[in-house]
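> what would the 3D arrangement of this be:
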Amino acid sequence: MMNLRDDLIAEMHGEMMAEMVRMRNAMHDLMTDEQRQQLRQAAPAGVDPDDHDAHH
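Below you'll find the predicted structure:
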């Protein structure tokens, strides 16, 4: 059974991940279509930019 500290850490991690998604979405909203295309092309082949574990 998880203790209070583990619960708080898990909650904080979830909130941080949600905030990262909101920030990424806000940045995409500010980009032009051309900037979005350049971002997609700059990503290494075979790497999903939304896959958090891939960059570890």
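> quick one, what contacts residue 40?
Residue 40 sits next to no residue when contact means C-beta atoms under 8 Å, 6 or more residues apart in numbering. Yep, even glycine has a C-beta here, placed from its N, CA and C like the rest.
> name the element it belongs to?
Element membership for residue 40, per DSSP states H and E: helix 33-42.
> buried ones in that helix?
Buried positions in helix 33-42, judged by neighbour count with 16 or more other C-beta atoms under 10 Å: none.
> could I have that helix exported to PDB, CA atoms only?
Taking C-alpha atoms only, helix 33-42 is exported to PDB below (Å, rounded to 0.1, in the frame of the first residue of the first chain):
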ATOM      1  CA  ASP A  33       1.600  25.900 -40.000                       C
ATOM      2  CA  GLU A  34       5.100  26.400 -41.400                       C
ATOM      3  CA  GLN A  35       6.700  26.400 -38.000                       C
ATOM      4  CA  ARG A  36       4.800  23.200 -37.100                       C
ATOM      5  CA  GLN A  37       6.000  21.500 -40.200                       C
ATOM      6  CA  GLN A  38       9.600  22.500 -39.400                       C
ATOM      7  CA  LEU A  39       9.200  21.200 -35.900                       C
ATOM      8  CA  ARG A  40       8.000  17.800 -37.300                       C
ATOM      9  CA  GLN A  41      10.900  17.700 -39.700                       C
ATOM     10  CA  ALA A  42      13.500  18.500 -37.000                       C
END
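> quick check: mean pLDDT across that helix?
Throughout helix 33-42, pLDDT has a mean value of 90.
> quick one: low-confidence ranges for the protein?
Within the chain, the stretches with pLDDT under 70 are 1-2, 45-50, 52-56.
> all good on my end, thank you.
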